[in-house]
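K.L.:
One predicted model, sequence on top.
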Amino acid sequence: MFAEALEAILRDHATPASVRAIEAGGPHDAPWRLIADAGFLRLLAREEDGGAALPMAELFPVLALLGRHAVALPVGQAMLAHALLPAEAVPADLLTLAPAVRNTPDGGLACPAVPYGLIADHVLADDGERLLLLACEGAARTATAGTYSQTASLRWPASAAPRHFARRGDALASFGAALHAALLAGAMGRVFDMTLAFGNDRVQFGKSIGKFQAIQHQLGVMAEQCAAARMAAECAWRGPSRPTLLQAAIAKARTSEAVGPVASIAHAVHGAIGVTAEYDLQLYTRRLHEWRVAHGSEDHWHPLIGRAVLDAGRPVSEFVRAVAAGGA
């Protein structure tokens, strides 16, 4: 129900043209307010706080939709903030989650490679002892990715005064990884649909290129990767409460692994048109590569998963089933 309602909004207000406009520095207030006023940012807030108290399993399709539409705003991050902060403390403007925070030699704070860091009004970070809510006004922002990327590193002076909140274990880390796994799964689905449609429509030597066996083999590999990524991402959100760190690690590692083959096959099938700025494919494949490393790539999460497998002392298939069910 919530996913269908959100899709109706995104279909009209998260078009490729509007995504391009926001990426180019255009205004974003209207779509943000539309999504906020419809109540989507408060899906995880308690009912007594005006939220929907949405179960985790029902949140996954909503997050995947944000990836499918390449939404250029930190909507998923703002949703998850309601599960991390008291309802009255969640800002109404753009809030994003920091993958890490560290102290600087001059006594300030720095958050590297923050998704949506170029446009965010607030950043929520976990310093290992507490949650820090930092206002971006006055922070130095440095873009860390390519043209049109919204990822940036932020640095605050020693005079910055973040608000402090109780840390809820590794909730921010697990939420950040599981969120980007869901975004990746949604974006990959969109890339596959675009590639399949192009293969059916593009005619070469008198027939659509999708009828050539070599192209069919590539599309088969792509479909396999997309299906595996979506299954892994969805498993992280099946529990009654937030994803465990191990569930999030497996989801993020598997979806990040799929980025390379999915993006490369998509561009190979599309040929020269697929690399042009005018064609929409790059809106999604750029995000695949950005989201692959956001909150940890597969290289970051594989050691944690490997140690857990060895410590469990059971066959990998049994281990995966136990983690998917919420165990270890």
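P.N.:
Arrived safely.

K.L.:
Just give the strands next to the helix or strand containing Leu124 in its sheet, each with its orientation.
P.N.:
Using DSSP states H and E, Leu124 falls within strand 122-126. Strand 122-126 sits in its sheet next to strand 95-97 (parallel), strand 130-135 (antiparallel), going by DSSP bridges.

K.L.:
helices or strands up against the one helix or strand Leu65 maps to?
P.N.:
Using DSSP H and E, Leu65 sits in helix 56-68. Other elements packing on helix 56-68 under the criterion 3 or more C-beta pairs under 8 Å, 6 or more residues apart in numbering; DSSP states H and E are helix 2-13, helix 75-84, helix 171-201, helix 213-235. All C-beta atoms are positioned from the backbone trio N, CA, C, and that covers glycine.

K.L.:
Any idea which of these gets closest to Pro303?
P.N.:
Closest of the helices and strands packed on helix 56-68 to Pro303 is helix 171-201, at 14.0 Å (criterion: C-beta to C-beta).

K.L.:
how far out from the middle of the chain is the closest one?
P.N.:
A distance of 9 Å separates the centroid of the chain from that of helix 171-201, by C-alpha atoms, centre = their mean, to the nearest Å.

K.L.:
In space, what's closest to Cys238 - neighbours in sequence excluded?
P.N.:
Careful, residue 238 is Arg; it's not Cys. Ala57 (5.4 Å; C-beta to C-beta, 6 or more residues apart in numbering).

K.L.:
and if you look at Leu59?
P.N.:
Of all residues not flanking Leu59 in the chain, Trp237 sits nearest, at 6.0 Å (C-beta to C-beta, 6+ apart).

K.L.:
And the one you found, how close does it get to Asp126?
P.N.:
For Trp237, the distance to Asp126 equals 20 Å [C-beta to C-beta, to the nearest Å].

K.L.:
With His69 instead?
P.N.:
28 Å.

K.L.:
same check, this time on Arg292
P.N.:
Computed as C-beta to C-beta, the Arg292 to Asp126 distance reads 21 Å.

K.L.:
more neighbours, those two?
P.N.:
Neighbour totals were compared for Arg292 and Asp126, and Asp126 leads with 23 against 20 (other C-beta atoms under 10 Å).

K.L.:
Run through the bridge partners of the more buried one.
P.N.:
When assigned by DSSP bridges, Asp126 has beta-bridge partners Leu131.

K.L.:
mean confidence score for stretch 82-98?
P.N.:
Averaged across stretch 82-98, pLDDT comes to 95.

K.L.:
Endpoints of it, how far apart?
P.N.:
For stretch 82-98, the first-to-last residue distance is 15 Å (C-alpha to C-alpha, to the nearest Å).

K.L.:
how far is that stretch from where the chain is centred?
P.N.:
On C-alpha atoms, centre = their mean, the centre of stretch 82-98 falls 17 Å from the chain's centre.

K.L.:
buried ones in that stretch?
P.N.:
82-85, 90-91, 94-98 (16 or more other C-beta atoms under 10 Å).

K.L.:
re earlier: okay, the helices and strands packed on helix 56-68, which one's buried deepest?
P.N.:
For the helices and strands packed on helix 56-68, the largest average neighbour count (mean count of other C-beta atoms under 10 Å) is found in helix 75-84, namely a mean of 25.

K.L.:
Can you tell me what sits against that one?
P.N.:
Residues outside helix 75-84 that contact it (C-beta atoms under 8 Å, 6 or more residues apart in numbering): 32, 35-36, 40-45, 51, 59, 62-63, 66, 90, 94-97, 115-116, 124, 131, 165, 168, 171-172, 175, 179, 182-183, 242.

K.L.:
before we move on, the earlier item: to Ala3, which of the strands paired with strand 122-126 lies closest?
P.N.:
Closest approach to Ala3 among these (C-beta to C-beta): strand 95-97, 21.5 Å.

K.L.:
So what touches the closest one?
P.N.:
Residues outside strand 95-97 that contact it (C-beta under 8 Å, 6+ apart) are 74, 77-78, 80-81, 114-117, 120-125, 172, 175-176, 179, 295.

K.L.:
Please pull up the helix or strand immediately following it.
P.N.:
Using DSSP H and E, the helix or strand that follows strand 95-97 towards the C-terminus is strand 102-103.

K.L.:
Just checking: what are the partner strands of that next one?
P.N.:
Here strand 102-103 has these sheet partners by DSSP bridges: strand 109-114 (antiparallel).

K.L.:
Please work out the average pLDDT along the partner strand.
P.N.:
98.

K.L.:
Could you do stretch 52-68 as well?
P.N.:
95.

K.L.:
ditto for stretch 156-173
P.N.:
pLDDT averaged over stretch 156-173 gives 95.

K.L.:
end-to-end on that stretch?
P.N.:
Length of stretch 156-173, first residue to last, C-alpha to C-alpha: 21 Å.

K.L.:
do stretch 41-55 as well
P.N.:
Stretch 41-55 has its terminal residues 14 Å apart, counting by C-alpha to C-alpha.

K.L.:
Off-centre distance for it?
P.N.:
The answer for stretch 41-55 is 21 Å, by C-alpha atoms, centre = their mean.

K.L.:
do the same with stretch 143-157
P.N.:
Centroid separation between stretch 143-157 and its chain, computed with C-alpha atoms, centre = their mean, is 16 Å.
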